[in-house]
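Visitor: I'd like to go over a predicted model; first the sequence, then the structure.
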Amino acid sequence: MPPGLQPSAGLNPSNLPSDAIEVGRILDAWGVKGWVKILPHSTDPEALFAAKSWFLQAPEAKFRPDFKLFSGTVSLSVDEAKIHSNSVVAKFSGLDDRNAAEALRGGRIFLSRSSFPAASPDEYYWIDLIGLNVVNREGVALGCVRDLMATGPHSVLCVEYTTSQEDGTSATAERMIPFVSVYIDAVDIAGKCITVDWQPDY
């Protein structure tokens with residue numbers, strides 16, 4: 001085990017929660033006192049700031065084939081997480097030097113969905129929108145939300161749908177719908193549906 005990193009001083013073997021969501025990755029050490037720099041998967045890292053413990057899994061082999069620090073899932077207590085110079089940085093309990101932080105490089109960060117802070121009215125977590133069906137005001141099915149894309153001032157729904165080819169076969173296509181109030185009529189998380197003012201030929 002690398003210098004500065006002891007099981008009793010930070011890494012605790014754990015089970016991944018059933019509602020766990022991958023929210024980011026550890027990029028590298030930050031400073032010399034055990035802090036790490038985080039790459040969040042979302043443009044809104046509030047869930048990272050709210051959670052008092054994070055779950056960590058090893059990086060994919062293709063990303064860091066030399067990783068041997070642990071296998072399975074471990075949990076870490078978060079002393080502090082914050083924005084610094086447009087990056088997210090964090091300090092874990094028991095990890096107090098750069099060697100300990102560097103040993104975690106590439107680690108995949110998971111949080112329990114139940115630990116996310118409540119979203120404000122008319123605001124939604126990206127993870128809750130992925131997989132929702134999209135229909136327009138006329139009831140025409142436009143597809144399913146596959147992903148969201150940040151474009152600066154607003155996000156865009158990446159909606160996947162099936163289209164027919166000239167030879168009679170089907171293929172997967174994608175349409176982009178700006179996630180702004182002028183086009184979004186309603187979001188029904190429980191009903192797994194988003195209603196939009198949008199036409200199939202746009």
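Guide: That came through fine.
Visitor: The residue lying farthest from the centre of the chain is in what secondary structure piece?
Guide: Taking Cα atoms, centre = their mean, the residue of the chain most remote from its mean C-alpha position is residue 167, at 38.7 Å. Counting by DSSP states H and E, residue 167 is held by no secondary-structure element, helix or strand.
Visitor: Need the residue closest to the centroid of this protein.
Guide: Short answer for the chain (Cα atoms, centre = their mean): residue 23, at 3.2 Å.
Visitor: what's near enough to touch it?
Guide: Residue 23 sits next to 40-42, 45, 47-48, 109-111 when contact means Cβ atoms under 8 Å, 6 or more residues apart in numbering. Quick note: C-beta positions are derived from backbone N, CA and C, even for glycine.
Visitor: can you confirm residue 128 is in a strand?
Guide: No. Assessed with DSSP: H, G, I helix; E, B strand; the rest coil, residue 128 is helix; it does not lie in a strand.
Visitor: In stretch 106-119, which residues are buried?
Guide: 106-113, 115-116 (16 or more other Cβ atoms under 10 Å).
Visitor: Which of the residues you listed sits closest to residue 87?
Guide: residue 109 (14.3 Å; Cβ to Cβ).
Visitor: Which pLDDT value does the model give residue 135?
Guide: For residue 135, the pLDDT comes out at 98.
Visitor: make that residue 168, sorry
Guide: 81.
Visitor: Equivalent analysis for the one 10 residues further on, please.
Guide: The predicted structure scores residue 178 at 95 on the pLDDT scale.
Visitor: in the helix or strand where residue 49 lies, what counts as buried?
Guide: Residue 49 is part of helix 46-50, with elements assigned from DSSP H and E. Buried residues in helix 46-50, counting neighbours by 16+ other Cβ under 10 Å, are found at 47-48.
Visitor: which is the next helix or strand following that helix?
Guide: strand 53-57.
Visitor: Show residues contacting the helix or strand just after that next one.
Guide: Next along the chain after strand 53-57, taking DSSP H and E as the criterion, comes strand 73-84. Strand 73-84 has contacts (Cβ under 8 Å, 6+ apart) with 10-16, 30, 38, 45, 48-49, 51-57, 88-95, 110.
Visitor: where exactly do the strands run in this protein?
Guide: Applying DSSP state E to the chain gives strands spanning 12-14, 20-30, 35-40, 53-57, 73-84, 87-92, 108-112, 133-136, 141-150, 155-164, 170-178, 184-188, 193-196.
Visitor: Looking at those, spot the one closest to residue 126.
Guide: That would be strand 141-150 among those, by Cβ to Cβ, at 4.9 Å.
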